[in-house]
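J.: My questions are about this predicted structure, shown below with the sequence.
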Amino acid sequence: MKPRQVLLFIACVMLSLGALCLVLPGCVSWGEKTLRWPTLAEVFDIEPSDVSIQYSDSLYNIDSLESLEIQDTIPTLAAEQTQPVIPQVHVDSTTDGRGFLQAFYTALTQAGERQVRVLHYGDSQIEEDRMTQQIREQLQKRYGGHGVGLMPLAQTIPTNTVKQQLYMSNRFVTPTQGPRRYLVYGPKRDQRADGLYGPMGQVAIMSDSLVSGSEEIKVICTPQNNNLRYTRWQIFADSSVHYTISGDTVCLNGRGAVYGLSQESETGVIVDNIPMRGCLGLVFTKMDSNQLRTFYRQENVRLIIMQYGGNAIPSNQNPGTIQAIVKGLREQVQYVHACAPEASILFIGPSDMIRQVDGEWQTYPMVPYMDKLLRKMAMEEQIAYFSLYNWMGGAGSMKQWRENGLAGDDGVHFYRSGARKAGNAVVNWLLEPIENAD
Amino acid sequence: MDFLHHIVGFDADSPLLFTQFYFWAFFALVFALFALIMSGKKADNHSRLHLRNIYLLFVSWFFYYKTSGLFLLILAFVTLSDWLIAGRIKSAITHHKPQIAKIFLALSVVIDLGLLAYFKYAYFFTNMINDLFGTGFQVFDIFAYIGNGFAEAGRFSVDTIILPVGISFYIFQVISYTADVYRERIQPVKNILDFGFYVSFFPQLVAGPIVRAEEFIPQLYKPFRLSRRVFGIAVFWILNGLAKKIIMSDYLAVNLIDRVFDNPLLFSGFENLFALFAYSLQVYADFSGYTDIAIGVAMLLGFYLPMNFNSPYKSQSPQEFWRRWHMSLGRWLKTYLYIPLGGNRRIGFGTYFWLSLIAVVSAALTGWWLWILVPFAVFMIGIAIWNRTADHQSSRSKLIYANLNSFITQVLGGLWHGASWNFIIWGGINGIGMIIEKIWRGMNWHVRFAAMTLLTAGLCCADYWTNLPVWRLFAVWVAILWVGTAIRYIYWLITQDKTITNRQLQITNTIAKIWAIAQTFTFITFTRLFFRSSSNLDPATANEVAWATAKNMVNQIGGAWNNAIIPDFLWEYRWVVAMFVAGMVIHWIPTNWKRRYRIWFTKMPLWLMVIAVCVAIVVIYQFVSAEMQPFIYFQF
């Protein structure tokens, strides 16, 4: 073939595809199927490809919140809309509710004499002790305290801070081969009706895992750096569970529930990392209030951090679902507040989260909406709110984080470096009022 | 002005990629002018061909500038230096001065590898020295420093060294040129612009295939020929490459693989295993897709690039895999590394040097000085003593020479893929795999079965006593291999004294072939645990993350298996699973079938081919724009 014939071929292909852009701009749908094709403007990158968002004042009514916290998949309510119609949210983005943290600030001044406990609940963004590690480090550096705090008997997800080895009847076992676990955020088969999950939302039952009560579970928990050396252990378990402690090793036997082990100090700040993978945060009301109340009071819990919302984003383009989830979270906040009346609450919203749209990475349209709703909810409930999304830089910031090696390719989770940065930012923000006052 | 700058200026965030519209618009324009140059009755005369070469050289430089900015100067520098040096080499050879020729060859290799080492391995070596000696050296970009002398101060950052795109490929090309001139396999190119065209030819500049001088340079002086069938094949390769890259690679990566490799602990053992196998397909589809497009584009311009992938996952052994995977690199390493080391004919200084270096570095990094260096020293002394008296022509000697030299080639080949330890480990595992396979082939069936039984029993004991996921993984894998070995051993015992019909032979050969392919694919897939390294992290962190990822994936696969969630996973990720299965099925289609449908495509009338291309692009676009698979977490 001659080059001009090849050129003619290339021209025919390009003109045909260009013509398709004219007759088939955007997409064509029939039934549930959609055929997508770019417009000429998109091909030549003439106009910005931001998702246009329409605003309306309509609110969606979701009657039942019960179905929202589902365990194996992320919820989607009703039919998704192709073009999100997002109601306006009137909230002052400069208010962050740090004034509601007074109880915590007061407690910090007494940290030299007694223990002040901070519980950091969250979703997979805080797994492996991400973010919590920095919050702990900074608080302990300023106000004293040692140890990583609470950990489950069988740590299925290793952390950066403690290496755990589990033995049953002197045989090494992996965490999944370990004692039977029940999770408040787990699938139905892993839940228990009595709501006795302990403060971590998970419990290991020794009688379910051992053939006879005389067998022993040994767990060695080795802190991964010297700063994490602790001065005492606390074992949160039923009285029927007996234990002995030797250095980093705890040996348990008997029958009953083990709610958690804690490496800590008698005074200073103890920060517990409590991740709940895939969780929307709508599970607290399933946890026994008496048990929670007792723990929060006895352990002098003075700050509860709740970091949720991210799991609602990927599957939902429906503002009604987001509203329902935030409504559900409000109930959780109220419940936790009722269980821990002396504690302050800080809510951390979702980070920026991105997805690929027509080959471009863009922020999920519901992230800013959820962030605003959560802030509004927090102010109304008189708790503090830290907007991770705004702090990162708003829409599209996750793309930058990924490119700078701070977040993973999935466009959702932080790398350790990113988590370090975010954790430090939370602490600096948290302590700014009292440090400025000093 | 902004628009013009956007079109012709360098923007690190917008490189020219085969998968973007901008590249194809660029190519259409390039081809329009190319067609003009190559039209008319005098299209085949020398001056017109020379004009074509110059034109394509400048187009290639523009392409590289759009992709890598001022690193174009590095490309121009190696072009100039190797062109000059090759001329001196030829002159020395002509004047019967082989030592001078050798010195110039060494100079060329030092300059080229020096540049590669500087840009690609500076962080790696700095980290290694800091790890070994506890120092705190930081990299310093001398080129940026010099650049700041010419431009306004601080324009270029001296604290980071950026890797120029494609440097690993074009450095190997220029080395092949000077080496081929030295070995008198080619004549030096008289015109530097022609040589520049060979080094910079844009379709293969950034991701290969690596074209050896002797394969490409003669094409510079041949007239343009493009038969109707070759045109059809070129179009087919381009579409094939786009589909592989976008459907098989990017779709699988974005919707599953990246998520699992980023956070293996978020996923169960089965999900990790599936993602690992899918990653094997993704790597192949990504790399081979890109080179398919390069081959197709070059073909349209009348140039033939060597085949780079030949259905590698059809390989029945690791050795065959390396003959089918990244073939241009394999051939390069064989010609310019393996054979100079001695191949299967000898071992010499090079072999001892590289093996010692690998041993010392391994000992330094693991801290197991005694455990590595003492056995290694004993081994090397044994080899040296044996080598003095050995019959160099015997098959045993050849096997030992080949194993030692190919192990070095694999380790250094691994390092070529990326400047981090995981790539060296990856190369080492491949080298060991090839050695084991060669030894295995030399065993009779009694020994094979006994060895396999012992290994399986040993690993099962290790699993039982330690209960560690890594041993479980090995034990399960080897137990499966043992079953295959046992069946083949029993079959061999039954049939060795009997006459087998052709039909029976055919059936057993087919079963054995499928088994061997599955075995090799699994082995290669597990080596991929060490193949992935995040390019957006600094090298020290990338090493740490790559190692942690491999470790966590092994722990999950060997320890956090949960059968209950497998059906849920398969259902929720059904499109991802379907794409993976479809990709593997297409990959495993017999070569004859593939040839048949390619020929059918090339015979299509042109108007129908235009329609077919448009339909294919519309289909591919559906995957670019597809909704992402939502995150689904299964508790385990």
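T.: That came through, no problem.

J.: Convert stretch B:512-521 to CSV, retaining C-alpha atoms only.
T.: What follows is stretch B:512-521, C-alpha atoms only, in CSV (Å, rounded to 0.1, in the frame of the first residue of the first chain):
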residue,chain,number,x,y,z
ALA,B,512,1.3,-33.3,30.6
LYS,B,513,1.5,-30.1,28.6
ILE,B,514,-1.5,-28.5,30.4
TRP,B,515,0.0,-29.5,33.8
ALA,B,516,3.4,-28.0,32.9
ILE,B,517,1.8,-24.8,31.7
ALA,B,518,-0.3,-24.5,34.9
GLN,B,519,2.8,-25.2,37.0
THR,B,520,5.0,-22.7,35.2
PHE,B,521,2.2,-20.0,35.3
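
J.: Which elements pack onto the lengthiest helix in chain B?
T.: Looking across chain B with DSSP state H, the single longest helix is helix B:98-133. Counting contacts by 3 or more CB pairs under 8 Å, 6 or more residues apart in numbering or on different chains; DSSP states H and E, helix B:98-133 is packed against helix B:72-94, helix B:167-182, helix B:349-366, helix B:539-559. C-beta here means a position set from N, CA and C on the backbone, and glycine is covered the same way.

J.: can you tell me which of those comes nearest to chain A?
T.: Chain A lies closest to helix B:539-559 among these, at 3.7 Å (CB to the nearest CB).

J.: Export the helix or strand following that closest one to CSV, keeping only CA atoms.
T.: Sequence order places helix B:566-572 as the next helix or strand after helix B:539-559, per DSSP states H and E. Output of helix B:566-572 as CSV, limited to C-alpha atoms (Å, rounded to 0.1, in the frame of the first residue of the first chain):
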residue,chain,number,x,y,z
ILE,B,566,-15.3,-17.1,48.0
PRO,B,567,-18.8,-17.3,46.4
ASP,B,568,-19.6,-13.8,47.6
PHE,B,569,-16.3,-12.5,46.2
LEU,B,570,-16.8,-14.2,42.8
TRP,B,571,-20.3,-12.8,42.6
GLU,B,572,-19.5,-9.2,43.7
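
J.: What is helix B:566-572 packed up against?
T.: Short answer (3+ CB pairs under 8 Å, 6+ apart): helix B:566-572 packs on helix B:269-300.

J.: Could you tell me the average pLDDT over the longest helix of chain B, please?
T.: Here helix B:98-133 scores 86 as its mean pLDDT.

J.: and if you look at stretch A:423-433?
T.: What stretch A:423-433 shows for mean pLDDT is 93.

J.: List the contacts of it.
T.: A:96, A:98-99, A:101, A:105, A:130-135, A:138-139, A:142, A:346, A:348, A:384, A:386, A:391 (CB atoms under 8 Å, 6 or more residues apart in numbering or on different chains).

J.: residues in contact with residue B:487?
T.: Contacts for residue B:487 (CB under 8 Å, 6+ apart) come out as none.

J.: partner residues bridging residue A:303?
T.: Using DSSP bridges, the bridge partners assigned to residue A:303 are residue A:118, residue A:344.

J.: re earlier: report the buried residues of the longest helix of chain B.
T.: For helix B:98-133, burial by neighbour count (16 or more other CB atoms under 10 Å in any protein chain shown) applies to B:101, B:104-105, B:108-109, B:111-112, B:115-116, B:118-124, B:126-127.

J.: quick revisit: highest average neighbour count across the helices and strands packed on helix B:98-133?
T.: Most buried of those by mean neighbour count (mean count of other CB atoms under 10 Å in any protein chain shown) is helix B:167-182; its value is a mean of 24.

J.: and it with helix B:98-133, angle?
T.: Interaxial angle, helix B:167-182 versus helix B:98-133 (axes from the mean of the first three to the mean of the last three CA atoms, to 10 degrees): 150 degrees.

J.: Quick one: mean pLDDT over helix B:167-182.
T.: On average, helix B:167-182 scores 91.

J.: Pull out the CA atoms of stretch B:26-35 and give them to me as PDB.
T.: Extracted in PDB, the C-alpha atoms of stretch B:26-35 (Å, rounded to 0.1, in the frame of the first residue of the first chain):
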ATOM      1  CA  PHE B  26       0.100  13.600  16.600                       C
ATOM      2  CA  PHE B  27       0.600  10.300  14.700                       C
ATOM      3  CA  ALA B  28      -1.900  11.300  12.000                       C
ATOM      4  CA  LEU B  29      -0.200  14.600  11.400                       C
ATOM      5  CA  VAL B  30       3.200  12.900  11.400                       C
ATOM      6  CA  PHE B  31       2.000  10.400   8.900                       C
ATOM      7  CA  ALA B  32       0.500  13.100   6.700                       C
ATOM      8  CA  LEU B  33       3.900  14.700   6.200                       C
ATOM      9  CA  PHE B  34       5.500  11.200   6.000                       C
ATOM     10  CA  ALA B  35       3.100  10.400   3.100                       C
END
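
J.: How about that stretch and chain A, touching?
T.: Yes: contact of stretch B:26-35 with chain A (CB under 8 Å from any CB of the partner chain) involves B:27, B:28, B:31, B:32, B:34, B:35.

J.: buried sites along that stretch?
T.: Neighbour counts over stretch B:26-35 (16+ other CB under 10 Å) mark B:26, B:27, B:30, B:31, B:34, B:35 as buried.

J.: and which of those is nearest to chain A?
T.: Comparing those against chain A with CB to the nearest CB places residue B:35 closest, at 3.7 Å.

J.: quick revisit: would a markdown table of the residues of stretch B:26-35 next to chain A with secondary structure and pLDDT be doable?
T.: Output for the residues of stretch B:26-35 next to chain A, formatted as a markdown table (DSSP: H, G, I helix; E, B strand; the rest coil; pLDDT from 0 to 100):
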| residue | secondary structure | pLDDT |
| --- | --- | --- |
| B:27 | helix | 92 |
| B:28 | helix | 93 |
| B:31 | helix | 93 |
| B:32 | helix | 93 |
| B:34 | helix | 92 |
| B:35 | helix | 91 |
